[in-house]
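1. predicted structure and sequence below. I'll ask about it afterward.
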Amino acid sequence: MQFSVNIPNFGDFADARMVAKVASAAEAAGWDALFVWDHVVHDKHLRQGQPFGDPWILLAAAALATSRLRLGTLVTPVARRRPEQLARQVATLDVLSGGRVIFGAGLGGPIDDEFASFGDSTDPVVLAERLDEGLDLLARYWSGETVDHDGVHYRVRQTALLPPTVQQPRPPVWIAGYWPNRRPMRRAARWDGAVPLFVNARHGETPLVEDVRELADYIAHQRSDRAQGPFDIVVGGASDPGAPVDWLRALQEAGATWWDERQLQSSPDHYRVDAVLRRIDDGPPRLA
């Protein structure tokens, strides 16, 4: 099992220098990855008056402050971005970091705040179509090949985006969604990993082992007719560094491959750097 730190892109973490400090501390304390949220306003009522940082600039600062730590977003709403611009941002970060990017993607939300605020569609069917078409385009752009595409939402004429990503055929792509909703997990099964949220566990709360096992079994069934390669299942919560780790071993046996350390979203500590740094310095939970 591998271990990551999860931070929002607002509050204290809107400052790229602060994110670089967090990344450096995480690498020194033995964590494997740092993941940053990708929001423009999140919940406008809750975040009123809070600064936001662009996640790709924040991650570029983190890349320059580290040499080993994996870096990525959890998660980027592909439907809110132009695929060609997003492909450039991810490829630039992958080159800058020497091939350390993990790309997390999903529908994104809250839809009314993040999409309707800017006159964009709030139809989940349309957003899902743009997500799937955008993901396919991203993979082609990252290869460096010349792309010619006529789709429902995007059109490309004989265009290659260089440089390609360092990681080939692409950086790992993880897909987020709420379990037990099946559709996003079917989407995840076509890529490299799943980042499930659970209706029984809010952000920062450890999911039930039986829910993780059910999800892992479902994804394995969806992938049964595909060439089997590495596939990650990312679960998370707020762990106690001094507590026994039987719960972590149970999650691993249920199919989880990553533990993503998160602050409780109901607490203001999730956007305050001091609380996050204290937890980072204690190091990741260990199975042995």
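-> Happy to help now that I have it. Numbers count the residues shown, from 1 in each chain.

2. what does the pLDDT read for S266?
-> As predicted, S266 sits at a pLDDT of 87.

3. spit out the contact partners of it.
-> 202, 204 (Cβ atoms under 8 Å, 6 or more residues apart in numbering). Glycine gets a C-beta too; all of them are placed from N, C-alpha and C.

4. please apply the same query to Q167.
-> 94, 99, 101.

5. out of those, who's the most crowded?
-> Comparing those by number of neighbours (other Cβ atoms under 10 Å), V101 comes first, having 27 neighbours.

6. that one touches V90, doesn't it?
-> Yes. Using Cβ atoms under 8 Å, V101 is in contact with V90, at 6.1 Å.

7. now for those two: what residues contact both?
-> With Cβ under 8 Å, 6+ apart, V101 and V90 have common neighbours 165, 171.

8. for stretch 157-175, buried residues please.
-> The neighbour-count check on stretch 157-175 (16 or more other Cβ atoms under 10 Å) flags 161, 164-167, 170-175 as buried.

9. let me have those in CSV, extended by distance to D136, secondary structure and pLDDT.
-> Below are those laid out as CSV (distance: Cβ to Cβ, whole Å; DSSP: H, G, I helix; E, B strand; the rest coil; pLDDT from 0 to 100):
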residue, distance to D136, secondary structure, pLDDT
L161, 14, coil, 98
P164, 16, coil, 98
T165, 15, coil, 98
V166, 21, coil, 98
Q167, 17, coil, 98
R170, 11, coil, 97
P171, 15, coil, 98
P172, 16, coil, 98
V173, 11, strand, 98
W174, 16, strand, 98
I175, 13, strand, 98
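
10. which one of these is nearest to P83?
-> L161 (9.8 Å; Cβ to Cβ).

11. that closest one touches V90, doesn't it?
-> No. Applying Cβ under 8 Å as the test, L161 and V90 come out as separate, 10.4 Å apart.

12. returning to what we had before: out of the contacts of Q167, which are inside strands?
-> Secondary structure defined by DSSP state E assigns V101 of these to strands.

13. need the contacts of Q167 in a markdown table with pLDDT, can you?
-> Listed next are the contacts of Q167 as a markdown table, based on pLDDT from 0 to 100:
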| residue | pLDDT |
| --- | --- |
| D94 | 98 |
| G99 | 98 |
| V101 | 98 |
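
14. let me know how buried T73 is, in neighbour terms.
-> Around T73 there are 26 residues (other Cβ under 10 Å).
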